[in-house]
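J.: prediction below, plus the sequence it came from.
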Amino acid sequence: MHKHIATQKMKERVRDLARAGTPAYLIAQVTDISEETLNKYYTYQLNCSTTEAVEAIANTVFSQALGGCSKAQALYLKTQGAKHHGWVEKQVVEKTDSKETQELQDKISELEDKYKRDY
């Protein structure tokens, strides 16, 4: 048995697979190395790739928000504003007692009962 050499090309491939959300056991199969070898030589790529990808995307959204992109501003406030500053997106629901509203509520209840699942 030969010793595995972790090349830059293989590190990048493992990083890309991990970043895409591929489980370690499948990365091992796709790259034709054992899970033990994968964990031994590619721990950083397995553990940090997704975090680095999220960081890059978050930085892009932040830059776009500062540049005036209203969609990026809304996304940033929804994800970060609530966590740090109590920003909450509120929905306004108007309640009415019309026959049509009651029929819709009945239909919703019927569908909820029909497709009830345990989560």
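T.: Nice, thanks for sending it over.
J.: how about low-confidence regions in the chain?
T.: Applying pLDDT under 70 to the chain picks out residues 1, 86-97, 117-119.
J.: rerun that using 50 as the cut-off
T.: For the chain, the stretches with pLDDT under 50 are 119.
J.: which helix runs longest in it?
T.: Looking across the chain with DSSP state H, the single longest helix is helix 43-66.
J.: tell me what that helix is packed against?
T.: Secondary-structure packing of helix 43-66 (3 or more Cβ pairs under 8 Å, 6 or more residues apart in numbering; DSSP states H and E): helix 8-19, helix 70-76. From N, CA and C alone the C-beta is placed, and that goes for glycine too.
J.: what does it contact?
T.: Residues outside helix 43-66 that contact it (Cβ atoms under 8 Å, 6 or more residues apart in numbering): 11, 14-16, 18-19, 21, 24, 27, 38-39, 71-73, 75-76.
J.: which one of the residues you listed is nearest residue 116?
T.: Proximity of those to residue 116 (Cβ to Cβ) peaks at residue 21, which lies at 29.5 Å.
J.: which of the three states applies to that closest one?
T.: Residue 21 falls in the coil class when you classify it by DSSP: H, G, I helix; E, B strand; the rest coil.
J.: what distance do you get for it to residue 38?
T.: In this structure, residue 21 lies at 16 Å from residue 38, with Cβ to Cβ, to the nearest Å as the measure.
J.: go on, residue 65?
T.: The gap separating residue 65 from residue 38 is 37 Å, by Cβ to Cβ.
J.: before we move on, back to that, narrow the contacts of helix 43-66 to those that are buried.
T.: Buried by 16 or more other Cβ atoms under 10 Å: 14-15, 18-19, 27, 38, 72-73, 75-76, out of the contacts of helix 43-66.
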